[in-house]
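K.L.:
Sharing a sequence plus its predicted fold:
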Amino acid sequence: MAGVNTLSAFILAFIFFGVFITTEAQTSTPAPNTISVPCALRSNTSCSECLQNVTCLWCTPTKQCLDYPVRNILPPRSVCPLNDARWGLCWVNFQILIITMSVLGGVIIISILVCCFCCCKCERVGNKREDAKVERQTRARKSRQKAKRTEMQMRHDEIRQKYGVEKENPYARMDDH
């Protein structure tokens, strides 16, 4: 269970780091004069200069600054190959981003399934323990009842002997004697 907690903490830290990097990339304020410059005019400059505008996409091999194709989630290969496309940060390419997010998603799903499995297993073990406890209590109660019944029977027999009303036949009526 400690391994699952460590894994969960690692995943949360990794997600926090990713959100922090993404937020940092999106909140960096460009200079006022660079906002109005279209992406195409920033071609043949640098990646960092191109990505000052959030709507721009940098293609490394061609050194082109392009408008991000907003109709697609990922830029098509005809615009720029995923391995060479940069958006938000110059050091993050789309291919590595997709692989990382897929692995993260898989790890999160697997950890959720492991947690659910562990919880269900613990619940079943707990139910088995409760069932065994109830069964032990029932057996103990029955044995106490049996001991009390035997003790009562012995007391009744002693009283019958004392007053001479012993029964030879336990099914016979008392006033037949």
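P.N.:
Okay, I see it.
K.L.:
Lowest-scoring secondary structure element of this structure by mean pLDDT?
P.N.:
Every helix and strand in the chain was compared by mean pLDDT, DSSP states H and E; the lowest is helix 32-35, with a mean of 47.
K.L.:
Which strands and helices lie in contact with the next helix or strand after it?
P.N.:
Downstream of helix 32-35, the first helix or strand assigned by DSSP states H and E is helix 47-50. Applying 3 or more CB pairs under 8 Å, 6 or more residues apart in numbering; DSSP states H and E, one finds that helix 47-50 makes contact with strand 56-59. Where you see a C-beta, it was placed from the backbone N, CA and C, and this is true even at glycine.
K.L.:
for the record, mean pLDDT for the strand it packs on?
P.N.:
Across strand 56-59, pLDDT averages out at 89.
K.L.:
same check, this time on stretch 155-168
P.N.:
82.
K.L.:
to the chain's geometric centre, what's the distance from it?
P.N.:
Put simply, stretch 155-168 sits 71 Å off its chain's centre (CA atoms, centre = their mean, to the nearest Å).
K.L.:
Just the CA trace of it, in PDB.
P.N.:
C-alpha atoms of stretch 155-168 as PDB (Å, rounded to 0.1, in the frame of the first residue of the first chain):
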ATOM      1  CA  ARG A 155     -30.700 -27.600  39.900                       C
ATOM      2  CA  HIS A 156     -34.100 -28.900  39.000                       C
ATOM      3  CA  ASP A 157     -33.000 -32.500  39.500                       C
ATOM      4  CA  GLU A 158     -31.500 -31.600  42.900                       C
ATOM      5  CA  ILE A 159     -34.800 -30.000  44.000                       C
ATOM      6  CA  ARG A 160     -36.800 -33.000  42.800                       C
ATOM      7  CA  GLN A 161     -34.400 -35.300  44.800                       C
ATOM      8  CA  LYS A 162     -34.800 -33.100  47.800                       C
ATOM      9  CA  TYR A 163     -38.600 -33.400  47.800                       C
ATOM     10  CA  GLY A 164     -38.700 -37.000  46.600                       C
ATOM     11  CA  VAL A 165     -40.300 -36.200  43.300                       C
ATOM     12  CA  GLU A 166     -37.900 -37.800  41.000                       C
ATOM     13  CA  LYS A 167     -39.000 -38.800  37.600                       C
ATOM     14  CA  GLU A 168     -38.000 -42.200  36.200                       C
END
